[in-house]
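> sequence first, predicted coordinates after that:
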Protein chains: 2
Amino acid sequence: MFDQISIIGCGLIGSSIFKSLKKAGSVKKIITYDNDKSVNEVIEKNNLSDEIFNNVSDAVKNSDLVIIATPISSFEKVLNSIKDNLKAGSILTDTCSVKIGVSKIFEKMNLKNSVCIPGHPVAGIENSGPEAGFADLFKNRWTILTPNKKIDGQAIKKLSSFWESMGSKVKIMTDEDHDKILTFTSHLPHVIAYNIVKTSMSNDASVKDDIIKYSAGGLRDFTRIAASDPVMWRDIFIDNSALIIQAIEKFIKNLDEFKKAISEKDGKKLVEIFEKSKDFRKSVIKAGQDTDKPDFGRK
Amino acid sequence: MFDQISIIGCGLIGSSIFKSLKKAGSVKKIITYDNDKSVNEVIEKNNLSDEIFNNVSDAVKNSDLVIIATPISSFEKVLNSIKDNLKAGSILTDTCSVKIGVSKIFEKMNLKNSVCIPGHPVAGIENSGPEAGFADLFKNRWTILTPNKKIDGQAIKKLSSFWESMGSKVKIMTDEDHDKILTFTSHLPHVIAYNIVKTSMSNDASVKDDIIKYSAGGLRDFTRIAASDPVMWRDIFIDNSALIIQAIEKFIKNLDEFKKAISEKDGKKLVEIFEKSKDFRKSVIKAGQDTDKPDFGRK
């Protein structure tokens, strides 16, 4: 598939790619670069790289595939540093949760040596950093690629096989579709999770302790989602701000209606909302995105 | 402890109490009543009762403890049916997630034979009905009792021991404190989960299918919470409407601020919100309400 790949940014995703490829044995040499010294110490200690580079431009030389797995705010800086060292015919991709923004950066850079294909493995956990990564993170999860129309089909096929070698299912779509879907499946849920934790925290200190103590009634699950990597989410919210703001407005409009039904004690309307939610849940389970095994608090 | 108890309403909670007591062997005879014929068929088939009654007033005769585990909208009807048959000195309790409303009903009924102690096991899963129940539902979970000041300490102690025999930890507090805390730990999170599912569902049919397909990025976890029992939640929202509406308003105010930070691309403010959420998450884990083991989709 690829003889040599470079992973730029070794957090949860970067380190999981390393572990996953090593498990599959599908790539000969994996080079890593991270601008954080403490991350490199973890990488070295845990053997999460075949060769650690301290200079990002050197790290991409001779690599057939370069994966940028940093928060999006670092993209331009990284690209400016590596652009003159990319191998002719190499593929350049990324892993972040917004794709229109990445397409624009790739277009602006107009790299001559590399084929640029934005990508996003829809997989993640609330923990971040290289120690959180694990080989099966991408298994049975979707990876979405959003190449523009000019991209060579062979390169897309090659990158798809790469993700498939790690157990991922691959879907090709436009960056517009990706961002529209992810706004609802991931970005809005994270805004809401952060906001509900913020709202609970804003109670008096005395009540706050009890809220933590009795959080198993629903709040607990939101705190998990709201524990994800701050810098990554800052970048996603800022980059995809237009769609996220639209979604928030839609959410508030619905919440106002919901509030009205509660305040008018309109039981019929409430049950109607709940029954529809149950149906939606059934579709999620049917699509293999969750199990119907009940969750009663992980131990 | 108690020689005979009656469980009125045999859904998730009622059937879990039966299984849990049988496992502990702490009660001689357990009588059940449910007004739904299909529920009684399941109870009979699965041996979830020592004696099934078809008449609620007969079901409580000679019982030392009567547990009402129905949605709150059925309480008055149940109490009117059983009040003349309650054993002298018996204890009457319930399991629902609002306590001011239950206190008021108990006060209004002014029962002479029974000591009324409102209660709430803070435990639950998204599945409902007698088949969903299991013996360990209450293990290491909190049960909150909200007796008024006139209640005899011995009766409170007896009811506490009863819940403890099923592995539960017991906390005594006022009904006002209970409802205030549960509004944030459970009721508001459920409102929000229902509302985010509603908001996602309101997209065009074409996008909706993709939203289901890629729901693993956060939305999935909300759909689980939004799959809980509709009638139970209708009753909770209506009964605790004043506090829930206040909480929704607080939530919207915070969400408006959050939206402003996103729209102004105020990265500093966003990271500040996220870091605080991470701290709150740590407190939840420290309080034993969740594990720090990452969740990457249950299998």
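Sure, I can see it.
> residue numbers of the stretch 1-150 of chain A in contact with chain B?
A:97, A:122, A:123, A:124, A:125, A:126, A:127, A:132, A:137, A:141, A:142, A:144 (CB under 8 Å from any CB of the partner chain). Any C-beta I mention is one placed from the backbone N, CA and C, and that applies to glycine too.
> report pLDDT for the spatially most central residue of chain A.
Centroid check for chain A by CA atoms, centre = their mean gives residue A:97 as the closest residue, at 4.7 Å. If you check residue A:97, the pLDDT there is 94.
> and the closest residue to it other than its chain neighbours, how many residues sit next to it?
Of all residues not flanking residue A:97 in the chain, residue A:236 sits nearest, at 5.1 Å (CB to CB, 6 or more residues apart in numbering or on different chains). Applying other CB atoms under 10 Å in any protein chain shown, we find 26 residues neighbouring residue A:236.
> what helices and strands are in contact with the strand or helix carrying residue A:236?
Assessed by DSSP states H and E, residue A:236 sits inside helix A:230-239. With contacts defined as 3 or more CB pairs under 8 Å, 6 or more residues apart in numbering or on different chains; DSSP states H and E, the packing partners of helix A:230-239 are helix A:188-201, helix B:267-286.
> show me the helices in the stretch 51-200 of chain A, by range?
Assigned by DSSP state H, counting those that start in this stretch, the helices in the stretch 51-200 of chain A fall at A:56-59, A:75-82, A:100-109, A:153-164, A:175-182, A:188-201.
> comparing these, which comes out most buried?
Stretch with highest mean neighbour count among the helices of the stretch 51-200 of chain A: helix A:188-201 (a mean of 25; mean count of other CB atoms under 10 Å in any protein chain shown).
> buried ones in whatever helix or strand comes next after it?
Toward the C-terminus, helix A:188-201 is succeeded by helix A:205-213 as the next helix or strand (DSSP H and E). Neighbour-count burial for helix A:205-213, counted by 16 or more other CB atoms under 10 Å in any protein chain shown, picks out A:208, A:210, A:211, A:212, A:213.
> can you check stretch A:142-154 too?
Neighbour-count burial for stretch A:142-154, counted by 16+ other CB under 10 Å, picks out A:142, A:143, A:144, A:145, A:146, A:147, A:151.
> quick check: domain ranges of chain A?
A:2-173, A:177-286 (automatic domain parsing).
> tabulate the ones you listed (a markdown table), appending distance to residue B:105.
Formatted as a markdown table, the domains of chain A follow (distance: least, CB to CB, whole Å):
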| stretch | distance to residue B:105 |
| --- | --- |
| domain A:2-173 | 41 |
| domain A:177-286 | 16 |
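> least reliable of those by average pLDDT, please.
Across the domains of chain A, the lowest-scoring stretch is domain A:177-286, with a mean of 91.
> ok, back up a step: so which of the domains of chain A gets nearest residue B:244?
domain A:177-286 (6.0 Å; CB to CB).
> roughly how far is that closest one from the heart of the chain?
18 Å (CA atoms, centre = their mean, to the nearest Å).
> report pLDDT for residue A:299.
pLDDT recorded at residue A:299 is 34.
> should've said residue A:295
Residue A:295 carries a pLDDT value of 49.
> next one: residue A:292
Note on residue A:292: pLDDT of 65.
> so which helix or strand takes in the nearest residue to residue A:196 once chain neighbours are set aside?
Closest residue to residue A:196 apart from its sequence neighbours, by CB to CB, 6+ apart: residue A:222 at 4.9 Å. For residue A:222, the element it lies in under DSSP H and E is helix A:219-225.
> check the gap between whatever residue of the stretch 1-150 of chain A ends up closest to chain B and residue A:212 for me.
Nearest to chain B in the stretch 1-150 of chain A, going by CB to the nearest CB, is residue A:125, at a distance of 3.7 Å. Separation of residue A:125 from residue A:212 (CB to CB, to the nearest Å): 22 Å.
> who's in contact with the closest residue in space to residue A:283 that isn't next to it in sequence?
In space, and not counting its chain neighbours, residue A:283 is closest to residue B:212: 4.8 Å by CB to CB, 6+ apart. Contacts for residue B:212 (CB atoms under 8 Å, 6 or more residues apart in numbering or on different chains) come out as A:280, A:283, A:284, A:287, A:289.
> ok so, going back, which of the residues of the stretch 1-150 of chain A next to chain B fall within strands?
In this view, the residues of the stretch 1-150 of chain A next to chain B that belong to strands under DSSP state E are A:142, A:144.
> list the buried residues for the helix holding residue A:222?
Buried residues in helix A:219-225 (16+ other CB under 10 Å): A:219, A:220, A:221, A:222, A:223, A:224, A:225.
> residue B:165: which of the residues you listed is nearest?
residue A:220 (25.3 Å).
> surely that closest one touches residue B:284?
Yes: Residue A:220 is in contact with residue B:284 according to CB atoms under 8 Å; the separation is 5.8 Å.
> any common contacting residues for the two?
Listed as contacting both residue A:220 and residue B:284 by CB under 8 Å, 6+ apart are residue B:290.
> tilt between the helix or strand hosting residue A:250 and helix A:100-109?
Per DSSP H and E, residue A:250 falls inside helix A:241-263. Calculated by axes from the mean of the first three to the mean of the last three CA atoms, to 10 degrees, helix A:241-263 forms an angle of 170 degrees with helix A:100-109.
> which elements pack onto helix A:241-263?
helix A:188-201, helix A:267-286, helix B:188-201, helix B:241-263.
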